[in-house]
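Undergrad: Build me a structure from this.
(2 chains)
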Amino acid sequence: MKVLVPVKRVIDYNVKVRVKPDQTGVDLANVKMSMNPFDEIGTEEAVRLKEKGVATEVVVVSIGPAQAQETLRTALAMGADRGILIQTDADLEPLAVAKLLKAVIAEEQPGVVVMGKQAIDGDNNAVGQMLAALLDWPQATFASKIEIAGQTASVTREVDGGLQTLSVALPAVITADLRLNEPRYASLPNIMKAKKKPIDIKSTADYGVDVANRLTVVKVTEPPKRQGGAKVADVAELVSKLKNEAGVI
Amino acid sequence: MAVLVIADHDGTAVRETTGKTVAAAKLISGDVDVLVMGTGVAGAAASAAAIAGVRKVLTAESPSLGQGLAEAVTDLVVSLAGGYDAILTPATSAGKNFAPRIAAKLDVAQVTDVIEVVDPKTFVRPIYAGNALETVKSSDGKLVITVRATAFKGAGEGGSAGIEAVSVPGASGPAAQFVSEEVVKSDRPELAGAKIVVSGGRALGSAEEFAKVIEPLADKLGAAVGASRAAVDAGYAPNDYQVGQTGKVVAPDLYVAVGISGAIQHLAGMKDSKIIVAINKDADAPIFQVADYGLVADYKVAVPELMEELTKIGK
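TA: You can find the predicted model right below:
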């Protein structure tokens, strides 16, 4: 069974984000970029499925600028077999991304899609669900455990207040939550090997789908700063202030 | 133009998130209907009908809806979508699961995690873990919106909307099957809606210490228990305690952070709290920059003292 893993190049999660003074967006010039952390978890899960003999091939897909090849190379170094880059400088919305992925899936015919639940830039948490909808496939989001036996996946999901387990007939879209696994660091030999793995470069036009954005960004601003920083000397002062000044206890 | 709010409820009544989402919906349209779905939803429907300004409550019952399966919810909502210009749901784990599926079926964008309604087509939402706010204007004919409920005040009570059952359509395609659910039973208030939250961080050092220090303090204050991602990753607290961009976003009246340094991603989940208390022995911890009352102290000394002082004032 083939596993398809979409991966996104995003600002590194350790970088402090700066809003551009002209309010058109976030400053990405000379900023460290990495694979979206949830996509790393998705890639790791797919590679583990291959190591367990459940998957036969792991194909990673990225939609983004030419530099997204580096993101694909990271996934290849983790153990994916080949990559597809749909090269575009446009900042596509989740619906457009889902439409492109649907077109890739029509060509690749994977048995399952495993992907991050959310990209940490747009924070939409939408592509997986939208892709499942467009394909009319079942979905299992926010997975903390995936077990595949034959044509069925048992997926434990992180939901408000606990865990839910679903059984999904494949093909299906599964999105990864934080606790699904701990992604590996690629070894140097594997990084070298990844350089020889194939990456197919495509354009959005190759897929003939409507990728027009539906939302116009009016402005991007800094969130209001919270006025904090006051200290109390001891617990007695803390309790007195909470009771008498703030009135919250 | 009418809008539909998909209710969040616990089986007997709607949760606070529903009233807050109705409040957001009213900024889009005066005609707000609420959909209550699940099994045995009469009580929840009655509480939805009592929300001020609700025009009509729709109920839909089926086992799949009760299990919150995205495929069934999508089939139902798409069957109702013709009568509405916008569909809103609180951004709970359930809402986040089904809303994008509905949006894709309707071929529209989802406007995610809305914290402000500027006008009926323009919304403010956090991006980059809340480190930036994006104002977006939709060009879609129909809107699918998830609402960050903590950003809105509840719509209040006093409504007397009619309740009407709608028919549940058959499945349109293959769907996930429910197997089981493990819901953590607790007498404590729910994290997302609690008035007071006590959270512990990595400084606690172990699950035993977390249980020994954080939980009694929470119980004394009648608070929900939260945790930083570092504490969750280290296994000191279960994942559903996690407060932060990748966990729950909370905005209680009082947030007490014990042994939490204040990583960006944690601050994103609690910085809208009314009052923040930080107890940390590192005076340079970033949490102090957002705290209203910072106490530089070892929690091992400060928390027992705090318990004592709270007892003195009758807590």
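Undergrad: mind listing what residue 89 touches?
TA: By default, I'm working from chain A. The neighbourhood of A:D89, defined by Cβ atoms under 8 Å, 6 or more residues apart in numbering or on different chains, consists of A:P65. For glycine as for every other residue, the C-beta is placed from the backbone atoms N, C-alpha and C.
Undergrad: wrong one, I was asking about chain B
TA: If you count contacts by Cβ under 8 Å, 6+ apart, B:T89 has them with B:5-6, B:8, B:21, B:95, B:98-99, B:145-147.
Undergrad: now these in TSV, with neighbour count, pLDDT and secondary structure?
TA: Written out in TSV, the entries for the contacts of B:T89 read as follows (neighbours: other Cβ atoms under 10 Å in any protein chain shown; pLDDT from 0 to 100; DSSP: H, G, I helix; E, B strand; the rest coil):
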residue	neighbour count	pLDDT	secondary structure
B:V5	33	98	strand
B:I6	26	98	strand
B:D8	25	97	coil
B:T21	34	98	helix
B:G95	24	97	helix
B:F98	26	98	helix
B:A99	32	98	helix
B:I145	28	98	strand
B:T146	28	98	strand
B:V147	31	97	strand
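Undergrad: pretty sure B:A81 contacts B:L106?
TA: Yes - with the criterion set as Cβ atoms under 8 Å, B:A81 and B:L106 qualify as a contacting pair; they are 5.9 Å apart.
Undergrad: Now the common contact residues for the two.
TA: Jointly contacting B:A81 and B:L106 under the rule Cβ under 8 Å, 6+ apart are B:K142.
Undergrad: quick revisit: same for chain A: which of the contacts of B:T89 are within range?
TA: When Cβ under 8 Å from any Cβ of the partner chain is taken as the criterion, the members of the contacts of B:T89 that contact chain A are B:98-99.
Undergrad: Next one: the one residue sitting closest to the centre of chain A from B:T246, what distance?
TA: For chain A, A:G116 is the residue whose C-alpha lies nearest the centre (Cα atoms, centre = their mean; 3.4 Å). The gap separating A:G116 from B:T246 is 11 Å, by Cβ to Cβ, to the nearest Å.
Undergrad: And A:L28, by the same measure?
TA: For A:L28, the distance to B:T246 - Cβ to Cβ - is 21 Å.
Undergrad: How about B:S64?
TA: Between B:S64 and B:T246 the computed distance is 28 Å (Cβ to Cβ).
Undergrad: Likewise for A:A119?
TA: Counting by Cβ to Cβ, the gap between A:A119 and B:T246 amounts to 12 Å.
Undergrad: and the strand ranked longest in chain A, what does it pack onto?
TA: As assigned by DSSP state E, the longest strand anywhere in chain A is strand A:139-149. Strand A:139-149 is packed against helix A:37-51, helix A:127-135, strand A:152-159, strand A:162-169, strand A:173-176, helix B:70-80, helix B:93-105, with contacts defined by 3 or more Cβ pairs under 8 Å, 6 or more residues apart in numbering or on different chains; DSSP states H and E.
Undergrad: Can you say which of these is packed in most?
TA: Highest mean neighbour count of the helices and strands packed on strand A:139-149: strand A:173-176, a mean of 30 (counted as mean count of other Cβ atoms under 10 Å in any protein chain shown).
Undergrad: any residue of it up close to chain B?
TA: No - among the residues of strand A:173-176, none lie within reach of chain B under Cβ under 8 Å from any Cβ; the closest is 9.2 Å away.
Undergrad: residues in contact with that strand?
TA: Residues contacting strand A:173-176 (Cβ under 8 Å, 6+ apart): A:38, A:41-42, A:45, A:112-118, A:128-129, A:131-132, A:135, A:137-143, A:146, A:153, A:155, A:168.
Undergrad: try stretch A:45-58
TA: Taking contacts as Cβ under 8 Å, 6+ apart, the residues outside stretch A:45-58 that touch it are A:1-3, A:5, A:43, A:78-82, A:111, A:114, A:146, A:148, A:176, A:180-181, A:184.
Undergrad: how about the strands in chain A?
TA: A:2-6, A:9-11, A:33-35, A:57-64, A:82-87, A:112-116, A:139-149, A:152-159, A:162-169, A:173-176, A:199-203, A:215-221.
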